[in-house]
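In: the following block contains a protein sequence and its predicted model.
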Amino acid sequence: MSALQISIEEDKSLPAAKSFKVAKVYEQVGERVKVSGWIHRLRSNKKVVFVVLRDGTGFLQCVLTGDLALAQQTVDLTLESTVTLYGTITKLPEGKNAAGGVELVVDYYQVLGLAPSGDDAFTNKIAEDSDPSLLLDQRHLALRGEAISGVMKVRAALLRAFRRFFEEESLTEVTPPCMVQTQVEGGSTLFKLDYYGEEAYLTQSSQLYLETCLPALGDVYCVQESFRAEKSHTRRHLSEYTHVESELAFITFDDLLQHLERLISQSVKYVLEDPVAGPIIKQLNPDFVAPTGPFMRLEYKDAITWLNEHGIKNEDGKDFKFGDDIAEAAERKMTDTIGVPILLIKFPVEIKSFYMKRCADDPRVTESVDVLMPTVGEITGGSMRITQIDELMAGFKREGIDPKAYYWFIDQRKYGTCEHGGYGLGTERILAWLCNRFTVRDCSLYPRFSGRCKP
Ligand code: 4AD
């Protein structure tokens, strides 16, 4: 019989097949099952066709033999076609490797959506050697690849881990607004929008709103998109990123640093223990070593000395002096050389934001912290906040900010002020560090940066 004449029909005398997601089907050895998904890999040696099926929960090796392998419908199969496969789960003999240690011996299948072949075939759309910007144009297809989808699974586990940690530390989750009329981290990176005729911005940070929650809800956190109109293209800057921010009341600077150490060590531990994310990190970043506290603490002034002693120059090609910003390249060189997580603390007032509290023993510097990780540099920025109105007003003045729009934030210092502090974590930066990605763009579902707002 020719391939064209072979029709694929279900043998009704077989036991009824029960539906499973791939991740759950591995345990169904000996059972007849029904699994739907996309054809991730396809290999044929005429008499036998091997399919790796993907459904987002896992991968399943499937084998088609006999008439099923020869039928025209099978010959026409393409990568990324959707199919429902029926068959029996069989344990693979020792030495043969496939996800879950099993294989689906297919006895019947249906094609739900045949993907194109030829010029329009999936592999031509996202060829591995494609220009990165072409791959970003095809992000909706590139997402299906093992590395990017793996990072997205780790991302989900990381957000779960943060929430678990915050629950353990009794923080309440809130959802502050994205459309605001105040800046937090400098006017130069504000995205402006016309809000019914008034000027408004996309939020740069939810910090000020979190501060207003302290008297109402106690310690709080949020997982919210932040927006920065970053002009330069760097491997760690996005225009939109997922910002995990917390605010804690009645704490000292040292409490804040210890909280950060616990947050990072515990969350990473939870992610590595996750049955899905743990193995993905092992695969993407085999040398990853989980950090354990306490982290190295390095004062800004000592970092300046360290940079000069190691011949690392500032952006003007000169030696660093007190008050210089430590830009990305120098910061990363220092972090990579030291090779362990660093809490870089006590930055000068002039290079930090208007709201940061000064150190009691040295008013030139603030109770501020950046958490630096090898390979990516800064993943977190935080500080203690000014508690007194006069000092806060001086901060606005120094930064040239009109305090009028901040009346609600200033009220926090009026109606029961308290020592408090907080921080923001860049989710994509932590992921780049965990999953060993060269750029944060690989760690965002649909990355946004200057020149890219699609798909
Ligand atoms: O250091 P930043 O600007 O601090 C704040 O926004 C504070 N208001 C947070 C707070 O105290 N609640 O940003 C915090 C973190 C950085 O350490 C970095 O990880 C990330 O946000 N980040 C970015 N990530 C991707 N793209 C960008 N353009 C980023 N800008 C900051």
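Out: Yes, it's here. Numbering: from 1, shown residues only.
In: so where do the helices sit in the stretch 201-350 of the chain?
Out: 207-217, 253-273, 277-284, 300-309, 328-338 (DSSP state H, counting those that start in this stretch).
In: the shortest one - contacts with which helices or strands?
Out: When you say that, I think you mean helix 277-284. helix 146-168, helix 253-273, helix 427-435 (3 or more C-beta pairs under 8 Å, 6 or more residues apart in numbering; DSSP states H and E). (Each C-beta comes from the backbone N, C-alpha and C, glycine too.)
In: just read off the phi/psi values of residue 169.
Out: phi -100, psi 10 (degrees, to the nearest 10).
In: residues contacting it?
Out: Contact analysis of residue 169 by C-beta atoms under 8 Å, 6 or more residues apart in numbering lists 219, 259, 262.
In: closest to residue 34 among these?
Out: Distance ranking of the contacts of residue 169 against residue 34, using C-beta to C-beta, places residue 262 first at 45.6 Å.
In: mind checking how far residue 317 is from residue 327?
Out: 12 Å (C-beta to C-beta, to the nearest Å).
In: what about dumping the CA coordinates of stretch 27-46 to PDB?
Out: C-alpha atoms of stretch 27-46 as PDB (Å, rounded to 0.1, in the frame of the first residue of the first chain):
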ATOM      1  CA  GLU A  27       4.200   8.000  35.800                       C
ATOM      2  CA  GLN A  28       1.700   6.200  33.600                       C
ATOM      3  CA  VAL A  29       3.900   3.300  32.600                       C
ATOM      4  CA  GLY A  30       1.800   0.600  30.900                       C
ATOM      5  CA  GLU A  31      -1.300   2.800  30.500                       C
ATOM      6  CA  ARG A  32      -2.900   4.000  27.300                       C
ATOM      7  CA  VAL A  33      -2.800   7.800  27.400                       C
ATOM      8  CA  LYS A  34      -3.700  10.800  25.300                       C
ATOM      9  CA  VAL A  35      -1.200  13.700  25.200                       C
ATOM     10  CA  SER A  36      -1.500  17.000  23.200                       C
ATOM     11  CA  GLY A  37       1.400  19.400  22.300                       C
ATOM     12  CA  TRP A  38       3.700  20.800  19.700                       C
ATOM     13  CA  ILE A  39       6.200  18.800  17.700                       C
ATOM     14  CA  HIS A  40       9.500  20.000  19.200                       C
ATOM     15  CA  ARG A  41      11.800  17.500  17.300                       C
ATOM     16  CA  LEU A  42      11.100  15.200  14.500                       C
ATOM     17  CA  ARG A  43      13.300  12.400  13.100                       C
ATOM     18  CA  SER A  44      12.500   9.700  10.700                       C
ATOM     19  CA  ASN A  45      14.300   6.700   9.300                       C
ATOM     20  CA  LYS A  46      11.400   5.700   7.100                       C
END
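In: run the chain-centre distance for that stretch.
Out: Relative to its chain's centre, stretch 27-46 lies at 31 Å (C-alpha atoms, centre = their mean, to the nearest Å).
In: now that stretch: buried residues?
Out: The neighbour-count criterion (16 or more other C-beta atoms under 10 Å) identifies 28, 32-40 as the buried residues of stretch 27-46.
In: what's the ChimeraX syntax to select whichever of the contacts of residue 169 are buried?
Out: One line in ChimeraX is enough to select the buried members of the contacts of residue 169, burial here meaning 16+ other C-beta under 10 Å:
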select :219,259
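In: can I get the contacts of residue 169 in JSON lines including pLDDT and distance to the ligand?
Out: Shown next, in JSON lines, are the contacts of residue 169 (pLDDT from 0 to 100; distance: C-beta to the nearest ligand atom, whole Å):
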{"residue": "219", "pLDDT": "98", "distance to the ligand": "13"}
{"residue": "259", "pLDDT": "98", "distance to the ligand": "12"}
{"residue": "262", "pLDDT": "98", "distance to the ligand": "17"}
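In: of all the helices and strands packed on helix 277-284, which lies closest to residue 8?
Out: helix 146-168 (29.1 Å).
In: about what we covered before: would you list the helices and strands packed on helix 277-284 in TSV and tack on distance to residue 302?
Out: Below are those laid out as TSV (distance: least, C-beta to C-beta, whole Å):
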stretch	distance to residue 302
helix 146-168	30
helix 253-273	16
helix 427-435	23
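In: that's all I had, so thanks and see you.
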